[in-house]
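Colleague: Provided below are the primary sequence and the corresponding predicted coordinates.
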Amino acid sequence: MVNFTVEDQEGNRQDCEAPDDMGFNLMEILKAYEYPILATCGGMALCGTCHIEILEGKDELGEATDPELDQLENLPEYFPTSRLACQIRIGDVLDGSVIKLRGEDQ
Ligand code: FES
């Protein structure tokens, strides 16, 4: 299991955990926790609704991929710490990180 913290649009934090051996991505886990993420593209890095910011742990998670960056640049605002949750595979590197939801509150 991987443990990390999620901060919602109101600034409330919750500790979350996810299995690291089932191939889930972070968007799927956030939806499982019933965070309001539309994920209209189904995790193809095309809709941008799973926009998050990595508040802690960015170095471990590495840089965004090119398709991910293309989509982030189309958003009304994005940050150097921005990522698309659907492009982050659940794994050890996520352990201990803090994630802030940035997608529009649907
Ligand atoms: S779910 Fe559409 S970009 Fe991540």
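Modeller: Looks like it arrived, so ask away.
Colleague: residues in contact with the worst-scoring helix or strand of the chain on mean pLDDT?
Modeller: Least confident helix or strand, the chain: helix 58-61 with a mean of 82, by mean pLDDT, DSSP states H and E. Here helix 58-61 makes contact (Cβ atoms under 8 Å, 6 or more residues apart in numbering) with 54, 81, 83, 88, 93-94, 97. Bear in mind the C-beta positions are built from the backbone N, C-alpha and C, glycine included.
Colleague: next structured bit after that helix?
Modeller: Going down the chain from helix 58-61, the next helix or strand is helix 66-73, by DSSP states H and E.
Colleague: Now do the buried residues in that next one.
Modeller: Buried residues in helix 66-73, counted by 16 or more other Cβ atoms under 10 Å: 68-69, 71-72.
Colleague: for those, which one is nearest residue 44?
Modeller: residue 71 (9.3 Å; Cβ to Cβ).
Colleague: residues contacting the closest one?
Modeller: Residue 71 neighbours (Cβ under 8 Å, 6+ apart): 45-48, 84.
Colleague: Residue 63 versus that one, what's the distance?
Modeller: Per Cβ to Cβ, to the nearest Å, residue 71 is found 14 Å from residue 63.
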